[in-house]
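> Provide a 3D model corresponding to the input given below.
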Amino acid sequence: MTERPSVLVNMLWCVPGGVGGSEEYLVRQLLGLAEQAAPVWRPTVAAARGLLAAHPELADVADVVEPEFESHGRVRRILGEATWLRRHTGDVALVHHGGGTAPVRAHRPYVLTIHDLQFRTYPEYFSRVKRAYLGAVIPPSARRATVVAVPSEYVRRSVVEAYGVDADRVMVVPHGIEPAVAGEVTPEAELRARYALGDGPIVVYPAVTHPHKHHEFLLRMMRDHWRDPDLRLVLTGGQGMAEHVVSACTDPRVCRLGRVPAADRNGLLAMAAAMVFPSRYEGFGAPLIEAMTLGAPVVCSDATCMPQIVGDAGLVRPLEPEAWAGVLDEVVARRDGLVAAGHRRALDFTSKASGAALAAAYARALQLS
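Numbers count the residues shown, from 1 in each chain. Presented below is the predicted three-dimensional model:
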């Protein structure tokens, strides 16, 4: 029997609940890695403290080691990667840095996951210190990487163009969304009562109120075009830099729920007339696939990766009010077809498919080393 190559996955950056969708992205990839027909890899995960408690399923597919230090501070984490992590990489065949950066004296060969390059497109959304850090560390990390893994073709092109990385060394490893998510759904009647949603149609936008998520676009649509008095625009997700835009809205049809339990979020999507997604920037846009999995027709912008991710399984529109004015009527008229197309599209983005792409990236890195 051929000995399994050893791989260490650096997730010291992955503070539970503090890094957004990239946390779920990497965890699901590792779960999918274990689903392969002939699993070659059982990684060791160097996890930020608390990550295993948040994702106990990791223990079934990986050997998890936690450092004695916390990862909340960037300086502390960088020092830990240069010392504690380095001691753990001495004998491994491959290292996978999942947070977009790698230590200066990183063990090679290594795979580097870059989730997006939003800091280059919208630098105004980042502090001066963080912009300087990312601008100084990501380019050399990408150039030294044996393989760079990215979630979409859009990010792949961005990395190649921005940093001059050989295109053959940048591989798409998409997000994985499990069909089982549809099993954790709060019933519609319970949600309508709990959140005072009335009896009319709802449209849902699950997104932190960051400026690039463009909540103000939906508020304008409600004011100027979507005037059905029974319609509810349901906004879920945490507070970001543009929370003031939503909090200033006085339309009683706009329901700002904030963070909700996963079963409630899923239930809201399952009952929605549409999931509306007017974001101006996404590296992948996992909520698009989650909505399709749960049977919500998708309406999204035509920015960055979204046309590629949605394909013909949803309505992709430019961010112009006239282009969105009639979409709610269109999703009602085409609902059955859009739901069926969404379910088919979601099958391309399972954890197993994501794990297969990650396994291919690992194999490529060893081949090139």
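> from now on I want contacts and neighbour counts done on CA atoms only, so please keep to that.
Fine.
> pull up the gap between residue 267 and residue 24, please.
As judged by CA to CA, to the nearest Å, residue 267 and residue 24 stand 19 Å apart.
> compare the two (neighbour count), which wins?
Taking residue 267 and residue 24 together and counting by other CA atoms under 10 Å, residue 267 has the greater number of neighbours (22 against 18).
> contacting residues for residue 207?
Residues counted as contacts of residue 207 (CA atoms under 8 Å, 6 or more residues apart in numbering) are 213, 235, 236, 237, 238.
> tell me, how many residues neighbour the third one?
The one in question is residue 236. Every residue meeting other CA under 10 Å relative to residue 236 is counted, giving 20.
> so where's the stretch 201-350 of the chain uncertain?
Low-confidence segments of the stretch 201-350 of the chain, defined by pLDDT under 70: none present.
> which residues in it form helices?
In chain order, the stretch 201-350 of the chain shows helices spanning 215-224, 243-247, 262-271, 286-293, 306-310, 321-324, 327-333, 335-346, with DSSP state H, counting those that start in this stretch as the criterion.
> identify the residues contacting the fourth one?
Under the criterion CA under 8 Å, 6+ apart, residues 21, 175, 177, 179, 181-182, 206, 269-270, 275, 277, 297-298, 309-310, 339, 342-343, 345-346, 349 lie in contact with helix 286-293.
> just the buried subset of those residues, please.
175, 177, 179, 182, 206, 269-270, 275, 277, 297-298, 309-310, 339, 342-343, 345-346, 349 (16 or more other CA atoms under 10 Å).
> how much space separates residue 78 from residue 133?
Counting by CA to CA, the separation of residue 78 from residue 133 is 12 Å.
> who has more neighbours out of these two?
Shown here are residue 78 and residue 133; by other CA under 10 Å, residue 78 has more neighbours (18 against 12).
> enumerate the positions of the helix or strand encompassing that one that are buried.
When secondary structure is defined using DSSP states H and E, the element that contains residue 78 is helix 74-80. Of the residues in helix 74-80, those buried by neighbour count under the rule 16+ other CA under 10 Å are 77, 78, 80.
> any chance of these in JSON lines, plus pLDDT and distance to residue 262?
Supplementary listing: the buried residues of helix 74-80 in JSON lines, determined by pLDDT from 0 to 100; distance: CA to CA, whole Å:
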{"residue": "77", "pLDDT": "87", "distance to residue 262": "30"}
{"residue": "78", "pLDDT": "86", "distance to residue 262": "32"}
{"residue": "80", "pLDDT": "88", "distance to residue 262": "33"}
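> per-residue pLDDT of residue 156, please?
The predicted structure scores residue 156 at 97 on the pLDDT scale.
> touching, residue 319 and residue 277? I think so.
No. When contacts are counted by CA atoms under 8 Å, residue 319 is not listed as touching residue 277 (10.2 Å).
> what residues are shared contacts of these two?
By the contact definition CA under 8 Å, 6+ apart, residue 319 and residue 277 are jointly contacted by residue 301.
> where do the strands of the chain begin and end?
Taking DSSP state E, the strands of the chain run over residues 7-11, 44-47, 63-65, 94-97, 110-113, 147-150, 170-172, 202-206, 232-236, 254-258, 274-277, 298-301, 315-317.
> show me what contacts residue 97?
Each residue near residue 97 by CA under 8 Å, 6+ apart is listed here: 9, 10, 11, 110, 111, 112, 113.
> what's the answer for residue 277, then?
205, 213, 288, 298, 299, 300, 301.
> hmm, which two among the residues you listed are most spread apart?
Farthest-apart pair in those is 213 and 298; separation 15.5 Å (CA to CA).
> picking that back up, mind checking which of the helices of the stretch 201-350 of the chain is nearest residue 126?
The minimum distance between residue 126 and those falls on helix 243-247, with 15.8 Å, by CA to CA.
> tell me the buried residues in that closest one?
Neighbour-count burial for helix 243-247, counted by 16+ other CA under 10 Å, picks out residue 246.
> quick check: which helices or strands does it pack against?
Helices and strands in packing contact with helix 243-247 are listed as helix 215-224; criterion 3 or more CA pairs under 8 Å, 6 or more residues apart in numbering; DSSP states H and E.
> where does the stretch 1-150 of the chain dip in pLDDT?
Where the stretch 1-150 of the chain drops into low confidence, which here means pLDDT under 70, it does so at 1-3, 18-20.
> next, the closest residue to residue 210 other than its chain neighbours: phi, psi?
In space, not counting the residues next to it along the chain, residue 210 is nearest to residue 240; the distance is 4.6 Å by CA to CA, 6 or more residues apart in numbering. Dihedral pair for residue 240: phi -120, psi -160, per degrees, to the nearest 10.
> around residue 240, how many other residues sit close by?
Taking other CA under 10 Å as the neighbour definition, residue 240 ends up with a count of 13.
> ok, it touching residue 214?
No. Shown here, residue 240 and residue 214 do not form a contact pair, counting by CA under 8 Å, at 11.3 Å.
> list the contacts of residue 232.
197, 200, 201, 202, 203, 253, 254, 255.
> any idea how this structure splits into domains?
For the chain, the domain assignment from automatic domain parsing gives the residue ranges 7-176+350-368, 180-349.
> spatially nearest residue to residue 324, not counting backbone neighbours?
In space, not counting the residues next to it along the chain, residue 324 is nearest to residue 317; the distance is 6.9 Å by CA to CA, 6+ apart.
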